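quick one: sequence and predicted model below, then my questions.
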Amino acid sequence: MVYRYLLALGDQLGGKMRNIIGKIAVEKLSRKIIAQLRVYGFPFEIHRGEGKWMNGQNCSPNDESAAKAIRWKNGNYPRMLIHNTNIPGVSKNVDFVVFNQFAEAIDKKHLEPILKDYKNYIVMGELKGGIDPAGADEHWKTARAALDRIRSSFKKVYIAFIGGAIEKAMAEEIYSQLQTGMLDYAANLTNDNQLSSFCDWLVNQ
């Protein structure tokens, strides 16, 4: 009965699992960024996508996991990271974007003026959480196409890639892009040292 149910469900189950994996990847990245902000003592706030910004010192682990956006100050410089944002000019969602402006909320009304001005963008990147080696190349192809769209629209922005599974062939291509400056940073989501190093770089931009 279970097998027949799964067979009837088809790729609907696969879609649900991809959504869950993507959500876990976002949570892991957010937690690492928050941990790095605490290490530096930077004041920060998180936004769950509804309601108001929450002071980082008062938020619970559940709040951190549900964060849709994080904003902080590096000295006098405001920084705001938002997950899964539809960017004008790219025409599709970008997995994470860091802006040099604060928004009162992360709804369309408050974000639209910031999104329209390309001078507000600092970092844009793709996050692929799947850890199946067999699907790693496909994830990279999807991410590479998204990163190419970003490059064609944004000339002055840092570009990053974070992947849960990085196989040898794609690793060589990623390294080549880092060497030539096509990529500014890349990290393996499952490697704590690499992810911590990336978050350290990110919060200091």
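Nice, thanks for sending it over.

quick one: residue 70 and residue 35 touch, right?
No - shown here, residue 70 and residue 35 do not form a contact pair, counting by C-beta atoms under 8 Å, at 11.5 Å. No exception for glycine: its C-beta is placed from N, CA and C like everyone else's.

between those two, who's got more neighbours?
Set residue 70 next to residue 35 and count neighbours by other C-beta atoms under 10 Å: residue 70 wins out with 25 against 12.

ok, and for the biggest strand by length in the chain, which residues are buried?
Criterion DSSP state E: the longest strand present in the chain is strand 77-86. For strand 77-86, a neighbour-count test (16 or more other C-beta atoms under 10 Å) marks 79, 80, 81, 82, 83, 85 as buried.

so which of those residues comes closest to residue 169?
residue 83 (28.3 Å; C-beta to C-beta).

I'd like the distance between that closest one and residue 33.
11 Å (C-beta to C-beta, to the nearest Å).

so where is the protein shaky, pLDDT-wise?
The chain contains residues with pLDDT under 70 at 2-22, 131-136.

all strands of it, in order?
44-47, 54-55, 69-74, 77-86, 93-99, 121-128, 158-163, 185-188.

tabulate the ones you listed (a markdown table), appending distance to residue 171.
A markdown table is the format used below for those (distance: least, C-beta to C-beta, whole Å):
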| stretch | distance to residue 171 |
| --- | --- |
| strand 44-47 | 32 |
| strand 54-55 | 38 |
| strand 69-74 | 29 |
| strand 77-86 | 25 |
| strand 93-99 | 20 |
| strand 121-128 | 14 |
| strand 158-163 | 9 |
| strand 185-188 | 9 |
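
so for residue 24, which of those strands sits nearest?
That would be strand 121-128 among the strands of the chain, by C-beta to C-beta, at 10.7 Å.

which positions in stretch 97-107 come out as buried?
By neighbour count on 16+ other C-beta under 10 Å, the buried set for stretch 97-107 is 97, 98, 99, 101, 103, 106.

oh, I was asking about stretch 167-174
Using 16+ other C-beta under 10 Å as the test for burial, stretch 167-174 gives 170, 174.

other residues contacting it?
133, 136, 137, 140, 144, 161, 163, 166, 183, 186 (C-beta atoms under 8 Å, 6 or more residues apart in numbering).

mind listing the helices for the protein?
Remark: helices assigned in the chain by DSSP state H are 2-9, 11-40, 61-65, 108-116, 133-153, 168-180, 192-203.

of all those, which lies closest to residue 127?
Nearest to residue 127, of all the helices of the chain, is helix 11-40, at 5.4 Å by C-beta to C-beta.

residue 155 - how many residues pack around it?
Residues near residue 155, counting by other C-beta under 10 Å: 7.

what of the one 5 residues further on?
For residue 160, the neighbour count with other C-beta under 10 Å is 21.
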